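> One predicted model, sequence on top.
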Amino acid sequence: MMQTVLKIAVLAGDGIGPEVMREATKVLSAVERRFGLRLELSPAPVGWAGLDAAGAALPDATLAKCREADAILFGSVGLPDRDPTLPKERRPERAALLRLRQEFGLFANLRPVRLPKELAHACPLRPERLGDGLDILVVRELTGGMYFGQPKKTEQVSPGVQRAIDTLVYTTPEIERIAHVAFQAARLRRRKVTSIDKANVLENGVLWREVVTAVGKQYPDVTLDHMFVDNGAMQLVLKPTQFDVLLCENMFGDILSDEAAALGGSLGMLPSASLAPAPTTGGRTFGLYEPAGGTAPDIAGKNLANPIAQILSAGLMLRHSFGLHDAAEAVERAVTKAIAAGNRTGDIFNPADPTARKVGTREMGDAIAAAI
């Protein structure tokens, strides 16, 4: 019987992207050997690498590879200090990442935040606020809201005065489908959803709360509560253990997931999955998988970056796009083993811990691959 080939478009991008992607593909090779998989990895330029190679942040050839793939493993794009004369519409953050979300309808962003007990020192909160540890899933709507609403423009209203306009807009179906993702995820966890809005001042918040409440009635086994975004930001600091699944619209989710990531010790630990609405050929779900952090150009090429977020993103890909739960768990366990063995990149290193040793990007990747 011929083995199914799983096609993955590998878009490393800019800054530390190529370094951490190298470690993720190293770990995928170990997974491939252990589980007898056939993974076809197709590298392609994106971001400034795409601009240098083909004059576009998302070259046509790269987009074609993504269309042929079953999933996209993405690094990071954007070098803020490079060529400020390039129009914002052509810069990688908009022309590559936002376009990919639109092209493939990647509406659901999942960001799991976990704090291993060995990294409690890296959390900025006092130990008593952490309880038995943190395990939060942020579910963020990714293709609506202020980032995509129209009109979006900057206009001259009088001499010396400009006006910038961004439009926050959501429809009932957009809210319903992301709410279902959150409730279904909660059923596999601790069965609690906290929906974030600003219903006291925003019409979008009123609609968001009404629709999420209606969807919640279809999940009587899941507890639902609502929280204003400002209180949610505060509660993440005061009592993060109260949260299981956080359901957010696009901008609120962008902000709160980064705040939650700080509780996990480092952005270098935070993976993410961005999923399309419905299963594609063979029951697979198309998705884009990327670390939540940025390109970190200040440490690029120095073997300093933490590759764990990229590696865990590959694990999310195995689970959500390919249904390979055992393989995904093997990746997660390997990360846990590497940390328990004392391996630490600089962002999670504690010099006061006698069991910890500072390692580089390659060494961390080697330790995780070996633990597979």
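Received it, and whenever you're ready, just let me know what you need.
> how close does the nearest residue to Leu106 once chain neighbours are set aside sit to Met146?
In space, and not counting its chain neighbours, Leu106 is closest to Ser274: 4.0 Å by C-beta to C-beta, 6 or more residues apart in numbering. The C-beta positions use only the backbone N, C-alpha and C, and glycine is treated the same way. Distance, Ser274 to Met146, by C-beta to C-beta, to the nearest Å: 18 Å.
> Just say helix, strand or coil for Asp221.
Classification of Asp221 using DSSP: H, G, I helix; E, B strand; the rest coil returns coil.
> start at 181 instead
I'll keep to 181 as the first residue from here, and by that count the last item is Asp401.
> Show the pLDDT at it.
We have a pLDDT of 98 for Asp401.
> residues touching it, list them.
Arg367, Arg371 (C-beta atoms under 8 Å, 6 or more residues apart in numbering).
> Could I get the full set of helices for the stretch 231-380 of the chain?
Taking DSSP state H, counting those that start in this stretch as the test, the helices found in the stretch 231-380 of the chain are 240-248, 272, 279-283, 352-367.
> Tell me, please, where in the chain the pLDDT is lower than the cut-off.
Applying pLDDT under 70 to the chain picks out residues 181-183, 458-463.
> what ranges do the strands span in it?
Applying DSSP state E to the chain gives strands spanning 185-193, 218-223, 251-256, 288-294, 315-321, 329-338, 341-347, 372-377, 403-408, 425-428, 451-455, 467-471, 523-524, 537-538.
> Just put these in a markdown table and tack on distance to Lys245 and mean neighbour count.
Compiled in a markdown table, the strands of the chain are given as follows (distance: least, C-beta to C-beta, whole Å; neighbours: other C-beta atoms under 10 Å):
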| stretch | distance to Lys245 | mean neighbour count |
| --- | --- | --- |
| strand 185-193 | 5 | 22 |
| strand 218-223 | 5 | 15 |
| strand 251-256 | 9 | 27 |
| strand 288-294 | 22 | 24 |
| strand 315-321 | 26 | 24 |
| strand 329-338 | 29 | 10 |
| strand 341-347 | 32 | 10 |
| strand 372-377 | 36 | 23 |
| strand 403-408 | 40 | 16 |
| strand 425-428 | 31 | 28 |
| strand 451-455 | 17 | 25 |
| strand 467-471 | 13 | 28 |
| strand 523-524 | 33 | 22 |
| strand 537-538 | 37 | 14 |
